[in-house]
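Asks: okay, structure incoming, though there's no sequence with it:
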């Protein structure tokens, strides 16, 4: 019975410690804001008492000058300088003591806010590092598939494309067999979409009813994105979203492209919107038969910590 109570108490303490650690950034931030408010109130209260200290200082200074004028033989210029130094020093000490509580609280508040920021920064770095490992593994897997089986197989595997043979008439009127690829109707559409992929459609202010204009616009923006990449050496995904009037994402803040004139070993060294993927939806858009297109951007991965 006693051991069970101890175990429960230990688990409760451990759980409490974990929750405090988990929410430490929020706790530190709230403490910092609250401390700033308290410090401001203390400073305001202290200010109401400043006039008393200043009046006392002015009176003492006036007494020194009066004594110097009335008793020049007994009270020299050197004596007055010493006394004035003492008066100003004492006034400074009194003012410091008056504002010390407010200064102390404000200092602790700022330290609390900075500490909370540091905790969040460390966590974000850790998350970015973990994501980079997963992203690197996925990219290497795709490279291996492309090297072994070709890019067509990579696209079919990635987007769950199925194949079927169809018979068509060629230009000479002969019946020929062709392989047509289509999306598996039983597959979850979300499983076939990269987390960076976005639809370019009427939701964008840059979208037009003219399919040729849309393709021309996308090509020009892709070219412009590559110019930005080469001129700056890096480009974030959110910046490309902005070019297309597509809402930003959290991942877009840290992932993107890095350009190296000597060759980029971590990516393609160029920006590709995926306009010419070998799938039916893209071909229909290119041919003006579809009024939206899924843009799948070839980001290098997390670049926030390698720029």
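Replies: Looks like it came in fine. The model shown is predicted, which means the values in this text are computed figures rather than measured ones. Residues are numbered from 1 along each chain as shown.

Asks: quick one: contacts for residue 267?
Replies: By Cβ atoms under 8 Å, 6 or more residues apart in numbering, the residues touching residue 267 are 257-258, 298-301. No exception for glycine: its C-beta is placed from N, CA and C like everyone else's.

Asks: can you list contacts of stretch 44-62?
Replies: Residues outside stretch 44-62 that contact it (Cβ under 8 Å, 6+ apart): 84, 87-88, 91, 94-95, 98-99, 101-102.

Asks: and of those, the nearest to residue 157?
Replies: residue 102 (64.9 Å; Cβ to Cβ).

Asks: next step: the contacts of residue 267 restricted to helices.
Replies: If you go by DSSP state H, the contacts of residue 267 have nothing in helices.

Asks: ok so, going back, export the contacts of stretch 44-62 as CSV, with columns for secondary structure and distance to residue 274.
Replies: Below are the contacts of stretch 44-62 laid out as CSV (DSSP: H, G, I helix; E, B strand; the rest coil; distance: Cβ to Cβ, whole Å):
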residue, secondary structure, distance to residue 274
84, helix, 79
87, helix, 78
88, helix, 74
91, helix, 73
94, helix, 72
95, helix, 67
98, helix, 67
99, helix, 62
101, helix, 62
102, helix, 59
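
Asks: just the buried ones from those residues?
Replies: Burial by neighbour count, 16 or more other Cβ atoms under 10 Å: within these this picks out 87, 91, 94-95, 98-99, 102.

Asks: grab the nearest non-local neighbour of the residue nearest to the spatial centre of the chain.
Replies: Nearest residue to the geometric centre of the chain (Cα atoms, centre = their mean): residue 253, 5.1 Å. Of all residues not flanking residue 253 in the chain, residue 238 sits nearest, at 5.9 Å (Cβ to Cβ, 6 or more residues apart in numbering).

Asks: with residue 275 instead?
Replies: Residue nearest to residue 275 in three dimensions, not counting chain neighbours: residue 218, with 6.0 Å by Cβ to Cβ, 6+ apart.

Asks: got it, and residue 120?
Replies: residue 25 (4.8 Å).

Asks: now the one you found: how far from residue 251?
Replies: Per Cβ to Cβ, to the nearest Å, residue 25 is found 21 Å from residue 251.

Asks: good, wrapping up.
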